[in-house]
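**Q** could you look at this predicted model? Sequence included:
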Amino acid sequence: MLKQQKITLLLLTLFSIISIAKTKAQLIIGFYNCENYYDTVNQVNVVDEDFLPDSEKKYTQEAYNFKSMHLANVLYNVGRIENANGLALMGLVEIENKIVLNHLINQPLLKKYHYKFIHFDSKDARGVDVALLYNPSHFTPYQYRPYTLTDSFHFTSYATRDILYVKGQLEKEWVHILVNHWPSRRGGEAASASKRIWASTVCKRIMDSVYANDSSARFIVMGDFNDNPSNKSMKMLKMTNPFQKMYENGLGSLAFNDSWHLFDQVLLSANWSLKGLDISARDPLSNYKSIIYKNADMIESQGRYKGYPKRTYNGSVFRGGYSDHFPVALIFTPKTNRNPQ
C-alpha cells in the first residue's frame, strides 16, 4: 500500500512538472517615450547643445548615467509585470543614437536579458529617433526599414522622425510592427493636426501595402502619436485600440496644463484575436490586457508639476526623474495548447 502511494505521488509530481513546463509566461509588448535620452558628446549636425556637460542643464556623464539607470529601472519593472521574464518588444522614442541604446541594454538590470535593438538615424534636427528593443528569445526580426514622413508640403521648415517598420516572428507568429513618434502639437493642436493626419496616412499606406499581399497580416502599431484615441488621425488607422476605454475614463500617459492625455498607445490590427474570445487555443497572442505603468518614484511629488510624470529636468533644474511620459504596455497571456496537433 505504501509503495502504491509513493508511485501515485511520483506520478502526480511528474504531471505537475509537465504542466508547469507547458505553461508559458506572459509576453510584454510596450512603448516608452524616454524624453531626451542623449549622450554627452556634441554630435555634428544635431541640435544637442542643451544636453552637454557645459550646457545650462549641466548634462554631465553623471547625469547621463543617472538617466540611463532610471530608464533601465522602468524597463526592468515593466518586464517583470505578472512574473513575466523580461520584455518581448518595447518601442522607444526620443533616442539620440545607437550609443545610448547600447548603454541602456548593458545596464546591470537589463544585461541578463540580452536585448537587441533596431534603429535608424532620422533627419530630425534634434537628433531624436525611434527604435525597437526586442528579446531574441521571443522575437526574431526578418526585415526592417524606416519610412520618412518629411515631404515638401507638410514639412517645409523642419524634418520630423521616421516611422520604423519591422517584420518578424513573435513566438513563431508573423507580425508587422510600426514604431511611431508623430509630429508634436507645436503651434497648437488645430494648427498642427494636418501633420499628424499626414503621419497617419503614411502609416496606413504601409499597412495597406502589406495587406495587398497578405490580407490576414497582423500589425502592432505603437508610438507617441501626439494625439489621443479620439482624434481623427488615430481613427483613420481603423485599428483596435486597447487604450480607448482608459482614455474615456480620464487616464493618461502624460499631463499638460493640468489635463491628462493618452498620446502613448499600442494598437492592434482589426484582424487580431479579440480580447476574451478564444479564437484559437493554439494562438499565443489572442488574450491580452492593457496598462499604463507607473509607480510612486515616477511621479513628481512637489512643485508646480506635482502629480505629473517626474522628469529628469524641469527646465534647467535637475529633478532626477525618468520621463515626462509614462510607458504603456499590452500583457499577453499565451494559452496552453490542450490538444496539440
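**A** Nice, thanks for sending it over.

**Q** quick check: end-to-end length of stretch 170-186?
**A** Stretch 170-186 stretches 36 Å from its first residue to its last (Cα to Cα, to the nearest Å).

**Q** what ranges do the helices span in the stretch 151-300 of the chain?
**A** Along the stretch 151-300 of the chain, the segments classed as helices by DSSP state H, counting those that start in this stretch run 189-211, 232-235, 244-248.

**Q** among the ones you listed, which is nearest Phe256?
**A** For Phe256, the closest of these is helix 189-211, at 10.4 Å, according to Cβ to Cβ. All C-beta atoms are positioned from the backbone trio N, CA, C, and that covers glycine.

**Q** pull the contacting residues for the residue lying closest to Arg196 once chain neighbours are set aside.
**A** Nearest non-adjacent residue to Arg196, counting by Cβ to Cβ, 6 or more residues apart in numbering: Ser233, 4.3 Å away. Ser233 is in contact with 182, 193, 196-197, 199-200, 225, 227, counting by Cβ atoms under 8 Å, 6 or more residues apart in numbering.

**Q** at 7 Å what do you get?
**A** 196-197, 199-200, 225, 227 (Cβ atoms under 7 Å, 6 or more residues apart in numbering).

**Q** now the two most distant members of those.
**A** Largest pairwise distance in the contacts of Ser233, by Cβ to Cβ, is 11.1 Å, between Ile197 and Phe225.

**Q** higher neighbour count, the two?
**A** Comparing Ile197 with Phe225 by other Cβ atoms under 10 Å, the one with more neighbours is Phe225, at 25 against 17.

**Q** quick check: that one touching Phe263?
**A** Yes: using Cβ atoms under 7 Å, Phe225 is in contact with Phe263, at 5.6 Å.

**Q** need the contact list for the closest residue to Lys238 other than its chain neighbours.
**A** Excluding the flanking residues, the one nearest Lys238 by Cβ to Cβ, 6+ apart is Ala270, at 6.4 Å. Contacts for Ala270 (Cβ under 7 Å, 6+ apart) come out as 238-240.

**Q** buried among those residues? Need that as a selection in ChimeraX.
**A** This is the ChimeraX syntax for the buried subset of the contacts of Ala270, where burial follows 16 or more other Cβ atoms under 10 Å:
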select :239,240
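
**Q** and Thr32, what does it touch?
**A** One correction, residue 32 is Tyr, not Thr. With contact set as Cβ under 7 Å, 6+ apart, Tyr32 has these partners: 74, 90, 92, 327.

**Q** ok, those vs Tyr113, which is closest?
**A** Taking Cβ to Cβ as the measure, Tyr113 lies nearest Met90 of the contacts of Tyr32, at 10.7 Å.

**Q** so which elements touch the one helix or strand that closest one maps to?
**A** Counting by DSSP states H and E, the element that carries Met90 is strand 89-95. On a contact count with 3 or more Cβ pairs under 7 Å, 6 or more residues apart in numbering; DSSP states H and E, strand 89-95 meets strand 27-37, strand 129-134, strand 173-181, strand 219-224.

**Q** now do the first one against strand 89-95, angle only.
**A** Translated: strand 27-37. With axes from the mean of the first three to the mean of the last three Cα atoms, to 10 degrees applied, the angle from strand 27-37 to strand 89-95 works out at 10 degrees.

**Q** with the third one instead?
**A** Here strand 173-181 points in a direction 20 degrees away from that of strand 89-95 (the same axes, to 10 degrees).

**Q** can you pull the buried residues of strand 173-181?
**A** For strand 173-181, a neighbour-count test (16+ other Cβ under 10 Å) marks 175-181 as buried.
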